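A.B. asks: just to be clear, the model below is a prediction. Sequence and coordinates:
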Amino acid sequence: MKAAPFTYHRPGSVAEAVQTLAEYGEEAKVLAGGQSLIPLLAMRLTHFENLVDISRVPELCGIDLCDDELVVGAGTSHTLVGMDDEVADSVPLLSLATPHIGHFQIRNRGTLGGAIAHADPAAEFAAVALTLDATIEAASTRGNRHIPAADFFTGLWENALAGDELLRAVRFPVWSGRTGFAVHEFARRHGDFAIAGATVAVELDAEDRVRRCAVGLLGLGSTPLRGTPAEQAVTGRPVTDVTADEFGRLALSELSDVPADLQGSAAYRTRVGAAMVARAWTDATREALDA
């Protein structure tokens with residue numbers, strides 16, 4: 001099939017892009033890498049009168065480390081994020097998550113901002129943003145505003161951006177000290193969307209107690225989720241007192257609406273999700289203990 005007719009816009013700057021979005025409002029859709037949008041349009045599962053192609057806006061590309069924040073432009077490709085040494089040093093979860101995203105063709109074209117704005121519950125970068133309490137920077141003709149990741153994902157493929165707003169950049173906090181990070185997910189084939197997955201970040205104090213911990217869950221709800229019960233239960237405890245299986249069960253203990261589809265029942269996803277959390281906890285704590 002082919003996409004229904006639309007008007008194509010290719011702004012050369014953020015100012016021009018947000019002006020176009022302000023003009024057309026809900027009748028416009030931003031096109032970044034197009035790895036999710038183009039198939040939806042081609043199969044006529046969605047339609048927009050205007051597509052605003054931001055793929056050639058130079059202001060939206062780049063990676064900048066500023067004190068305790070890593071700022072990644074929305075138009076930066078998955079590949080560039082995954083191969084950047086500064087990203088690997090400052091926000092390792094991004095580097096660890098990148099190889100799980102589709103195949104190399106997808107990573108070459110797809111963008112970090114597009115993946116987060118698409119708000120797929122199984123999206124790796126969306127889960128990382130939520131796990132690390134990242135901040136999403138939105139631009140419009142009314143100015144810029146900053147949206148906490150916890151408030152950004154509002155439903156299945158839905159986000160908190162207004163119709164005239166453009167996701168401009170994502171700000172990831174940099175963890176320091178004795179830290180460890182891990183990403184584990186399960187898919188039927190490499191490159192498929194995860195049936196369930198987890199991102200874990202942990203920081204230990206000098207006595208091997210958990211100073212802080214963050215857990216992200218993929219594919220286990222209508223949005224990316226946090227494993228808050230596990231985070232709260234282990235904070236302040238000696239890391240060696242927490243078993244991986246216990247941590248995995250705790251992370252999913254308050255989930256009430258796990259999806260079921262052809263890939264697996266809700267019970268199956270829950271078991272797989274707990275196992276992925278347990279594996280990520282094991283790897284992250286091992287790294288932190290060796291730091």
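C.D. replies: Thanks, I have it. Numbers count the residues shown, from 1 in each chain.
A.B. asks: excluding chain neighbours, what is closest to the residue of the chain most remote from its centre?
C.D. replies: Ranking residues of the chain by C-alpha distance from their mean position (Cα atoms, centre = their mean) puts Glu207 at the top, at 31.8 Å. Nearest residue to Glu207 in three dimensions, chain neighbours excluded: Pro238, at 7.5 Å (Cβ to Cβ, 6 or more residues apart in numbering). The C-beta positions use only the backbone N, C-alpha and C, and glycine is treated the same way.
A.B. asks: who touches the one you found in this structure?
C.D. replies: By Cβ atoms under 8 Å, 6 or more residues apart in numbering, the contact list for Pro238 reads Glu207, Asp208, Arg209, Val210.
A.B. asks: ok, and the most crowded of those?
C.D. replies: Highest neighbour count within the contacts of Pro238, by other Cβ atoms under 10 Å: Val210, with 21 neighbours.
A.B. asks: what about that residue, distance to Glu203?
C.D. replies: Going from Val210 to Glu203 by Cβ to Cβ, to the nearest Å gives 7 Å.
A.B. asks: now swap in Asp67 and tell me
C.D. replies: Distance, Asp67 to Glu203, using Cβ to Cβ: 18 Å.
A.B. asks: so what's Ala187 closest to, chain neighbours aside?
C.D. replies: Ala194 (5.1 Å).
A.B. asks: how many neighbours does Thr228 have?
C.D. replies: Neighbour count of Thr228, defined by other Cβ under 10 Å: 14.
A.B. asks: what's the residue nearest the centre of the chain in contact with, if anything?
C.D. replies: Of all residues in the chain, the one closest to the mean position by Cα atoms, centre = their mean is Ala126, 1.4 Å from it. Ala126 is in contact with Ala115, Ile116, His118, Ala119, Asp120, Phe153, Pro224, counting by Cβ under 8 Å, 6+ apart.
A.B. asks: assumed it was part of a strand.
C.D. replies: No - going by DSSP: H, G, I helix; E, B strand; the rest coil, the assignment for Ala126 is helix, not a strand.
A.B. asks: was I right about Thr179 contacting Val210?
C.D. replies: No - assessed by Cβ atoms under 8 Å, Thr179 is found out of contact with Val210, at 11.2 Å.
A.B. asks: please pull out the lowest mean pLDDT helix or strand from the chain.
C.D. replies: Sorting the helices and strands of the chain by mean pLDDT, DSSP states H and E puts helix 37-42 at the bottom, at a mean of 89.
A.B. asks: export that one as CSV, just CAs?
C.D. replies: The C-alpha trace of helix 37-42 is given here as CSV (Å, rounded to 0.1, in the frame of the first residue of the first chain):
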residue,chain,number,x,y,z
LEU,A,37,5.9,6.7,11.1
ILE,A,38,6.5,5.7,7.5
PRO,A,39,5.3,2.1,7.9
LEU,A,40,2.1,3.4,9.7
LEU,A,41,1.5,5.8,6.8
ALA,A,42,2.2,3.2,4.2
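A.B. asks: what helices and strands are in contact with the helix or strand following that helix?
C.D. replies: Going down the chain from helix 37-42, the next helix or strand is strand 50-53, by DSSP states H and E. Contact partners of strand 50-53 among helices and strands, from 3 or more Cβ pairs under 8 Å, 6 or more residues apart in numbering; DSSP states H and E: strand 7-9, helix 14-24, strand 28-31.
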